[in-house]
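S.K.: Okay, structure incoming, though there's no sequence with it:
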């Protein structure tokens, strides 16, 4: 019994840690998406997560994708690198732009151009305006962002609860079976003189009855909550 108790305590601690991590990840993901919707970068440990909002870098970077930009020593940047910078072009002043370096000038500025654009950017990028160098795509945020579509969001709200409920029901049945299987393994003749076969049938029947009882209690509680909400 002590071993089972310790195992149960470890499982509870693990579940709590997992829940905390999940909540933090969800909160950070929401924060990133909100900030990106406002055209602001979210930086963490020298890395920034940005959303591509135009097609100027297609097909390298597609509209709607999220990218990871790493803070870097501007002196190491070279032709062909993709950088994110604060634009000083009057038409896009203050915006975060992600374009490819076409040339590093003698005065240390960068001539940039979007892969899909026919001409280079009209205003050179100063070193102090560089946010960082493009590292890779952040596909996780693109997947989450895809649920902005109302139909996909509704689908997720239907499917996820079903999966969670199925997981809970499976765990409940597994616990009941394990409990009574353990009783079965340790039993010889029944305590009331019943045969081993009769005892096994009785244990199975009690397991099913307990499961149905828990289901009924769960449904009653849900019914009360629904009545209160009405």
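M.R.: All right, it came through fine. Everything quoted here is computed from the prediction, not taken from an experiment.
S.K.: residue boundaries of the strands in the chain?
M.R.: Here the chain has its strands, by DSSP state E, at 42-44, 47-51, 66-70, 82-86, 96-104, 110-113, 130-137.
S.K.: what's the least confident stretch among those?
M.R.: Among the strands of the chain, strand 42-44 has the lowest mean pLDDT, at a mean of 70.
S.K.: just to revisit the earlier point, between the strands of the chain, which gets nearest to residue 216?
M.R.: Closest approach to residue 216 among the strands of the chain (C-beta to C-beta): strand 66-70, 46.2 Å. (Glycine included, C-beta is placed from N, CA and C.)
S.K.: any idea how this structure splits into domains?
M.R.: The record's domain parsing of the chain by automatic domain parsing lists 36-146, 149-229.
S.K.: looking at the ones you listed, which one has the lowest mean pLDDT?
M.R.: Mean pLDDT is lowest for domain 149-229 among these, at a mean of 62.
S.K.: thinking again about what came up before, of the strands of the chain, which approaches residue 208 most closely?
M.R.: Nearest of these to residue 208, taken as C-beta to C-beta: strand 66-70 at 48.9 Å.
S.K.: Buried residues, that closest one. List them.
M.R.: With burial defined by 16 or more other C-beta atoms under 10 Å, the residues of strand 66-70 counted as buried are 66, 67, 68, 69.
S.K.: likewise stretch 80-94?
M.R.: Within stretch 80-94, the residues scored as buried using 16+ other C-beta under 10 Å are 82, 83, 84, 85, 86, 87, 88.
S.K.: isn't the third one right next to residue 48, touching?
M.R.: Yep, that's residue 84 we're talking about. Yes. Using C-beta atoms under 8 Å, residue 84 is in contact with residue 48, at 7.2 Å.
S.K.: what about residue 45, neighbour count?
M.R.: Here the count is done by other C-beta atoms under 10 Å, and residue 45 has 6 residues near it.
S.K.: again, but for residue 214
M.R.: 13.
S.K.: Sketch out the helices for the chain, chain order is fine.
M.R.: Taking DSSP state H as the criterion, the chain contains helices spanning 2-37, 139-145, 150-185, 196-229.
S.K.: start to end distance for stretch 75-82?
M.R.: Start-to-end span of stretch 75-82 (C-alpha to C-alpha, to the nearest Å) is 14 Å.
S.K.: which residues sit against it?
M.R.: Residues outside stretch 75-82 that contact it (C-beta atoms under 8 Å, 6 or more residues apart in numbering): 57, 60-61, 83, 98-104, 110, 130, 133-134.
S.K.: from these, which two are the most distant?
M.R.: Pairwise distances across the contacts of stretch 75-82 (C-beta to C-beta) peak at 21.2 Å, for the pair 61 and 104.
S.K.: ok, the two, which is more surrounded?
M.R.: Counted by other C-beta under 10 Å, residue 61 and residue 104 do not tie: residue 61 has more neighbours, with 24 against 16.
S.K.: my guess is the more buried one meets residue 52, correct?
M.R.: Yes. If you go by C-beta under 8 Å, residue 61 and residue 52 touch, sitting 5.0 Å apart.
S.K.: Show me whatever sits in contact with both of the two.
M.R.: Taking C-beta under 8 Å, 6+ apart as the contact rule, the neighbours common to residue 61 and residue 52 are 67, 98.
S.K.: sorry, back to before: go through the contacts of stretch 75-82 and name the one nearest residue 213.
M.R.: Nearest member of the contacts of stretch 75-82 to residue 213, counting by C-beta to C-beta, is residue 61, at 56.7 Å.
S.K.: what about the closest one, distance to residue 47?
M.R.: Plainly put, residue 61 is 17 Å away from residue 47 if you go by C-beta to C-beta, to the nearest Å.
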